[in-house]
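> Sequence plus the predicted model coming up.
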2 protein chains.
Amino acid sequence: MRDAYHEELDSLTDKLVEMTRLVRSAISRATTALLDADLPLAESVISHDEEIDRIFADIEASIYELMARQQPVAIDLRMVITALRMGTDLERMGDLAEHVAKVARLRHPDSAIPPEIRSTIVQMGQIAESLITKAGSCVASRDVEAAMELEHDDDAMDRLHRRLFKEILHKDWKHGVEPAIDITLIGRYYERYADHAVRVARDVVYLVTGSRPS
Amino acid sequence: MRDAYHEELDSLTDKLVEMTRLVRSAISRATTALLDADLPLAESVISHDEEIDRIFADIEASIYELMARQQPVAIDLRMVITALRMGTDLERMGDLAEHVAKVARLRHPDSAIPPEIRSTIVQMGQIAESLITKAGSCVASRDVEAAMELEHDDDAMDRLHRRLFKEILHKDWKHGVEPAIDITLIGRYYERYADHAVRVARDVVYLVTGSRPS
């Protein structure tokens, strides 16, 4: 049987996995809200971000309390340190999904996404979801091989991000400055979201192996 | 006399202060490069980012090595944890300064900044420098009161960021989509830079008091 201390460490993992589930749902719903100009859905992403923040505050509090009371060493100390880092990244991913939802809300009842951009945004949303799903199972399973793979998926996001700029800067772009600004920011939010997912996976590698992936 | 272990902890602080100095110089030079369309200066910011990354890699390596060998507890453990967090934020600030410099390089020999936007960018650069200067002295002095003050300066950055959008979206804007995209991204880089400086200051508060500022 696990003692109370190790149960607390296990519960950190559970909370991190729960965070990955919530930030996945947030980006998924934010993408739909954006594409469909769905105001209630955008509002729900915005209001639910508090839940993600609360779990992270809970993780932070447990960690600080645990460090003050126990002296975690070796793998336990790595667990505590990576939990703090992963939580920071996941909390930020929640914010980024919220930022996407806020653009959808700002432009409602119009859509912030002109038809010729839709397909790129759909794909960015899919890659974001795929990255956080994989990162979440790596956190749960501590699968180092799977964690390493996330870097490649992130390359796909970078390609889509570059394509987005090409589309806004195309000579046929007829939507003017405001939608271009929206899409510039949205593109940046997805790109950063993906980057944070990769960082979470890298922390799984450090947690298990004790060294950072190069 | 300090033992080798505490000397290592002190050297973490020295390296963090050095990072604050370098990311301050980076944003200062990036702002000038941007305003003056100064290509050699932009190039120097871009090539010097490696130095910032190297110091952070050095901090990370010391910390992981130190944690494996020693069992830091209480204030020492807080030092280790906050050093890792501060280093992460400072490394990111270096990247953001580099991003600003890359926009300057991309648009050279033109300036990415139209005349009517100059004054806002000058002020964003000044606030960024002021924030990192203050954050740097807080890291060195562990002055909690001073660290708390950074939140207010960050509000000034947020106001400038909002003003920037107003300027790009003004009916008299005659520069078209491409400069609007550049300025959207630049604005975001300064805003994020400021946010990371505030996080560094918050970590000083945690380091000294053992609790997070609300």
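Structure's in. What do you need? Numbers count the residues shown, from 1 in each chain, chains lettered A, B, ... in the order given.
> Can you pull the phi/psi pair for residue A:170?
phi -70, psi 150 (degrees, to the nearest 10).
> wait, what's in contact with it?
Counting by CB atoms under 8 Å, 6 or more residues apart in numbering or on different chains, residue A:170 touches no other residue. Heads up, the C-betas are built off the backbone N, CA and C, glycines and all.
> Name the residues of chain A found near chain B, please.
Contacts of chain A with chain B, taken as CB under 8 Å from any CB of the partner chain, map to A:60, A:64, A:67-68, A:71, A:73-74, A:77-78, A:81, A:84-85, A:88, A:165, A:168-169, A:173, A:176-178, A:180-181, A:184-185, A:188, A:210-212.
> List only buried entries from those.
A:60, A:64, A:67, A:77-78, A:81, A:84-85, A:88, A:165, A:168, A:173, A:177, A:180-181, A:184-185, A:188 (16 or more other CB atoms under 10 Å in any protein chain shown).
> Show me where chain A has its helices.
A:4-36, A:39-69, A:74-107, A:115-141, A:144-168, A:177-209 (DSSP state H).
> got JSON lines for these, with mean pLDDT too?
Formatted as JSON lines, these follow (pLDDT from 0 to 100):
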{"stretch": "helix A:4-36", "mean pLDDT": "96"}
{"stretch": "helix A:39-69", "mean pLDDT": "93"}
{"stretch": "helix A:74-107", "mean pLDDT": "95"}
{"stretch": "helix A:115-141", "mean pLDDT": "97"}
{"stretch": "helix A:144-168", "mean pLDDT": "94"}
{"stretch": "helix A:177-209", "mean pLDDT": "96"}
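> Mind putting those into CSV with distance to residue B:56?
Shown next, in CSV, are the helices of chain A (distance: least, CB to CB, whole Å):
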stretch, distance to residue B:56
helix A:4-36, 24
helix A:39-69, 22
helix A:74-107, 14
helix A:115-141, 22
helix A:144-168, 19
helix A:177-209, 14
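> between these, which gets nearest to residue B:150?
Among the helices of chain A, the nearest to residue B:150 by CB to CB is helix A:74-107 (18.3 Å).
> now the closest one against helix B:39-69, angle please.
140 degrees (axes from the mean of the first three to the mean of the last three CA atoms, to 10 degrees).
> quick one, helix A:74-107 and helix A:177-209 angle?
Using the same axes, to 10 degrees, the inter-axis angle of helix A:74-107 relative to helix A:177-209 is 170 degrees.
> sorry, back to before: quick one: closest of the helices of chain A to residue B:7.
Nearest of the helices of chain A (CB to CB): helix A:74-107, 21.1 Å.
> Compute the inter-axis angle for that closest one and helix A:115-141.
Using the same axes, to 10 degrees: helix A:74-107 against helix A:115-141 is 160 degrees.
> What residues of helix A:74-107 count as buried?
A:76-105, A:107.
> ok, the most centrally placed residue in chain A - contacts?
Centrality entry for chain A: nearest residue to the mean C-alpha point is residue A:93, 3.4 Å, by CA atoms, centre = their mean. Neighbour list for residue A:93: A:23, A:26, A:27, A:132, A:193, A:196, A:197 [criterion: CB under 8 Å, 6+ apart].
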